[in-house]
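> Generate a structure from the sequence data that follows.
(2 chains)
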Number of protein chains: 2
Amino acid sequence: MTKEQVEYLMKEFKDIALTDTDSLDKYGRDETEDLLFPPHIVLRPSKTEEISAILSYCNENKIPVTPSGARTGLSGGALPINGGVALSLEKMNKIINIDENNSQVITEPGVITQVLQNAVKEKGLFYPPDPASKGSCFIGGNIAENSGGPKAVKYGVTADYVLNLEVVLPNGEIIWTGANVLKNATGYNLTQLIVGSEGTLGIVTKIVLRLIPHPTDDMLMLVPFFDAKKACEAVAAIMKTGITPSGLEFMERDAIQWTLNNIPTIQMEIDERHEAHLLIEVDGFDENKLIEECEKIAEVLEQFETGDILFADSQAQKDKLWEVRRKVGEAVKSHSIYKEEDTVVPRFELPNLLSGVKAIGKKYGFKSVCYGHAGDGNLHVNIIKGALTDDQWNNELPLAIREIFTLTVKLGGTISGEHGIGLVQKSYMDIPFTNVSLQLMRDIKKIFDPNNILNPGKILI
Amino acid sequence: MTKEQVEYLMKEFKDIALTDTDSLDKYGRDETEDLLFPPHIVLRPSKTEEISAILSYCNENKIPVTPSGARTGLSGGALPINGGVALSLEKMNKIINIDENNSQVITEPGVITQVLQNAVKEKGLFYPPDPASKGSCFIGGNIAENSGGPKAVKYGVTADYVLNLEVVLPNGEIIWTGANVLKNATGYNLTQLIVGSEGTLGIVTKIVLRLIPHPTDDMLMLVPFFDAKKACEAVAAIMKTGITPSGLEFMERDAIQWTLNNIPTIQMEIDERHEAHLLIEVDGFDENKLIEECEKIAEVLEQFETGDILFADSQAQKDKLWEVRRKVGEAVKSHSIYKEEDTVVPRFELPNLLSGVKAIGKKYGFKSVCYGHAGDGNLHVNIIKGALTDDQWNNELPLAIREIFTLTVKLGGTISGEHGIGLVQKSYMDIPFTNVSLQLMRDIKKIFDPNNILNPGKILI
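Here you go, the predicted structure:
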């Protein structure tokens, strides 16, 4: 991007432009490792039409535009790796309409997910997808990455709630992808093509989500296991009862212990003989039913050599346990230089994935801390740098990651469940897909973005 | 298609080819009006590799290939309008594996939907999407059209259950679109691009579906209304209670009466003062809970001037009521020449859609019989030829349909909820979509099928 182009945009969009070094640094980072790629300029539009004007100009001048949400992403999707414009959606933060009659909400992309959840909850409605970063991430970013979270095991992921999107294409044209309806058999599914496309096909400017009735009750239990693999095996056994928990989370000992070390306000003892814990939530509209479900789950767990099960007996205790779970990522990351992989397999294969990851770690000499959404077979593998040399970290580790992903795909899974491919996983896309499929994706990208201005260098090599 | 090409395929694929007139006629029809477009040859492969070989040859020689399932479609998707090859999937009718551990099934496309449902039910698992034609339609056709059915109001449509697809591309290449996992943030969503693409992008040869625990109980009630519009209004009121019925079906008086006339084995009296009926089902795992839900629904219905509610008191009576509902389409169709529109709106707009359709009918002088999945806002509008002249039918009616679809889109809806666009709705695609969106779809078609051999002339003009 030339100096003249920066100056033109500064003048043309002076009320929404930032070019100071602090801002460029801020918008040059997300939550992915310690990567920094500052843009040339940050623009913070508040209207669809402004975005259209910005994209038209950048498209004509082939200037890279990287959409930027709350920058909580874990695959580098929001990093402006080629400089250019960081297009922040933070000012597009209005919930436009909560339609109680149709159980839908229309929102702008810059609304914090939890703010949206709370707003619809006040009307008795429920928007379930709740990534760990729900208190800070934007709903637009959730759509870009097809985010999941603990509730996905019962309620599905972001994609399952998106009915219709207003999208600005790279040439500035504005389209709606679908209709505000629960079923749609009208042409190719542009809506689901945009969901999960990580801001590479268009900028989402309005979002229509379906909502469901909000459950009135929930119960939570924390279950320690002497053997981590048995915890994984218990997951499939629980699902086979016919009960679908609203959360079924797995944490290795280090994951939970490091988190507790990191939150001094939470007093909790972890028995060091316990290799892993499951955090299990059930929800619904009838407390007695939930008690029955918990009893049934506890019964199933008897075969898996657990320690004493902790049933949360107050809202405060539930909040505390969820806080621990939500802060695991942060705690693991603050502990060491790390790389996080977002593996996902059919849930019954989880024990095989876990033992495979550990065996690969042994071979390459790295330690990993694993946790994640076990009910969905979604295991976050955090590889810890620890005592590895820079050479091992930079040159050998990619081979180890390749082995982990190859195993994941062999087990019927894939290389990202909810974090996206972004920058840091794109060199592994040949593992889940053949070149024929990748070429289809490259061609789709070309249709939407012939000049390759929108989030270039993401998803595909 | 030349005579030599037909002869080549007859020789090359002699065990799976049909060219007799009866067969060509049979594969030249589906359930769409009285349309007939015979192919030059029918091929009935039983292996993915055979399909790949057929497509390779047809692609090189630019021969149209129309995929053919059970030919129960209502938008003409399976009609070989340019002749060429009708590629029947009927021999690919094996359920490959029911994976109880992961609650998934892998199946070929030529399995009858109900056969699949029954097979997984034996393992306590549930595949909910159940189009009215479930006893004859193929699961592959359901994927092509993104079929719905009565259960969609609670459980979603076909798209919501598809995890992964094996697809043969028009050039003969074979790909898998995704992975066998419940969450996936790995590149563009090729799976959902294929679902609902009506056999225009590739031939689906293997299907991985997620399954859920099968509910153990259900209850069914038939509710007569003096005023059809009030029946529509009641739908949104029921959904607002927080109860999500597993069926919420609307039938105008003529729809139910004509069906009863058509099924002499079912004795049931319809009071002629009742303009419409709702058929309401709830399901779950606890009979007492369902009784409570029925009571709550009945209470809500009191404000909407109903006649006496019939609660089905045996499985036989439930089967009977569902048979009536499922046979409405057939009965209406056997009554007169007709055209069926598959309108869908946000459910609260249903009363406005119904009264709009009736007003448009009055203006153009046609009678319509309406029924459908009211819980989803999906209204099947059957326009009856009755006393209309051929000139009115052929030249004026398209204007009326255009008005109906324009109203549908204005209400937030779209022109097909579950039947697809196929042949008979493609000239209306400019109503829900701008040319920018349509051009994206045309370009997507070109990526997958540059020679336009696969189901040409469908969805897009």
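> Please identify the buried residues of stretch A:399-419?
A:400-401, A:403-409, A:411-419 (16 or more other CB atoms under 10 Å in any protein chain shown). Just so you know, the C-beta spots here come from the backbone N, C-alpha and C atoms, and that holds for glycine as well.
> quick one: A:A276 and A:A231 touch, right?
Yes. Taking CB atoms under 8 Å as the definition, A:A276 is a contact partner of A:A231 at 4.3 Å.
> Need the residues touching each of those two.
By CB atoms under 8 Å, 6 or more residues apart in numbering or on different chains, A:A276 and A:A231 have these common neighbours: A:F225, A:F250.
> Name the nearest residue to A:A159, ignoring sequence neighbours.
A:V195 (4.7 Å; CB to CB, 6 or more residues apart in numbering or on different chains).
> What does the one you found show for phi and psi?
Dihedral angles phi and psi of A:V195 (degrees, to the nearest 10) take the values phi -60, psi 130.
> repeat for A:I106
phi -110, psi 130.
> so what's it up against?
A:I95, A:I96, A:N97, A:D99, A:K206, A:I207, A:V208.
> How about the second one: what's its closest non-neighbour residue?
Setting aside the residues directly before and after it, A:I96 is nearest to A:I106 in space (CB to CB, 6+ apart), at 4.3 Å.
> From chain B, how far off is the one you found?
Here A:I106 is placed at a distance of 10 Å from chain B (CB to the nearest CB, to the nearest Å).
> Whether stretch A:318-332 contacts chain B - can you check?
No. Applying CB under 8 Å from any CB of the partner chain, one finds stretch A:318-332 separated from chain B by no less than 15.8 Å.
> what separates that stretch from the chain centre, distance-wise?
In this view, stretch A:318-332 has its centroid 16 Å away from the chain centroid, taken as CA atoms, centre = their mean, to the nearest Å.
> now swap in stretch A:184-197 and tell me
20 Å.
> tell me which residues of it are tucked away?
Going by 16+ other CB under 10 Å, stretch A:184-197 has these buried residues: A:184-197.
> okay, these in CSV with distance to A:L43 next?
Below are these laid out as CSV (distance: CB to CB, whole Å):
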residue, distance to A:L43
A:N184, 33
A:A185, 38
A:T186, 34
A:G187, 33
A:Y188, 31
A:N189, 30
A:L190, 25
A:T191, 26
A:Q192, 28
A:L193, 25
A:I194, 21
A:V195, 24
A:G196, 24
A:S197, 21
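> right, and A:P456 touches A:N82 too?
Yes. Between A:P456 and A:N82 there is a contact under CB under 8 Å: 5.7 Å.
> Show me whatever sits in contact with both of those two.
Jointly contacting A:P456 and A:N82 under the rule CB under 8 Å, 6+ apart are A:P64.
> still on that earlier bit, looking at the buried residues of stretch A:399-419, which are in helices?
With helices defined by DSSP state H, the entries of the buried residues of stretch A:399-419 inside them are A:A400, A:I401, A:E403, A:I404, A:F405, A:T406, A:L407, A:T408, A:V409.
> What does the pLDDT read for the spatially closest residue to the first one that is not a sequence neighbour?
Spatial nearest neighbour of A:A400, chain neighbours left out: A:Y364 (4.1 Å); criterion: CB to CB, 6+ apart. As summarised for this prediction, A:Y364 has a pLDDT of 95.
> And for the one 3 residues further on?
If you check A:K367, the pLDDT there is 93.
> what are the ranges of the strands in the stretch 301-450 of chain A?
Shown for the stretch 301-450 of chain A, the strands assigned by DSSP state E, counting those that start in this stretch span residues A:310-311, A:338-344, A:367-373, A:378-384.
> same for the shortest one, what does it pack against?
Under the contact criterion of 3 or more CB pairs under 8 Å, 6 or more residues apart in numbering or on different chains; DSSP states H and E, strand A:310-311 touches strand A:217-225.
> is the strand it packs on up against chain B anywhere?
No. Using CB under 8 Å from any CB, strand A:217-225 stays clear of chain B, with a minimum separation of 12.8 Å.
> tell me the mean pLDDT for the next helix or strand after that strand?
On the C-terminal side of strand A:217-225, the nearest following helix or strand under DSSP states H and E is helix A:228-240. On average, the pLDDT along helix A:228-240 is 92.
> tell me the angle helix A:228-240 makes with strand A:367-373.
Interaxial angle of helix A:228-240 relative to strand A:367-373 (axes from the mean of the first three to the mean of the last three CA atoms, to 10 degrees): 10 degrees.
> and helix A:228-240, what other elements does it pack with?
Helix A:228-240 packs on strand A:217-225, strand A:247-252, strand A:276-284, helix A:287-301, helix A:350-364, going by 3+ CB pairs under 8 Å, 6+ apart.
> try it again with 10 Å
For helix A:228-240, the contact count by 3 or more CB pairs under 10 Å, 6 or more residues apart in numbering or on different chains; DSSP states H and E identifies helix A:152-155, strand A:217-225, strand A:247-252, strand A:276-284, helix A:287-301, helix A:350-364, strand A:367-373 as packing neighbours.
> which residues touch A:Y428?
The contact partners of A:Y428, by CB atoms under 10 Å, 6 or more residues apart in numbering or on different chains, come to A:341, A:398, A:401-402, A:404-406, A:408-409, A:415-416, A:421, B:186.
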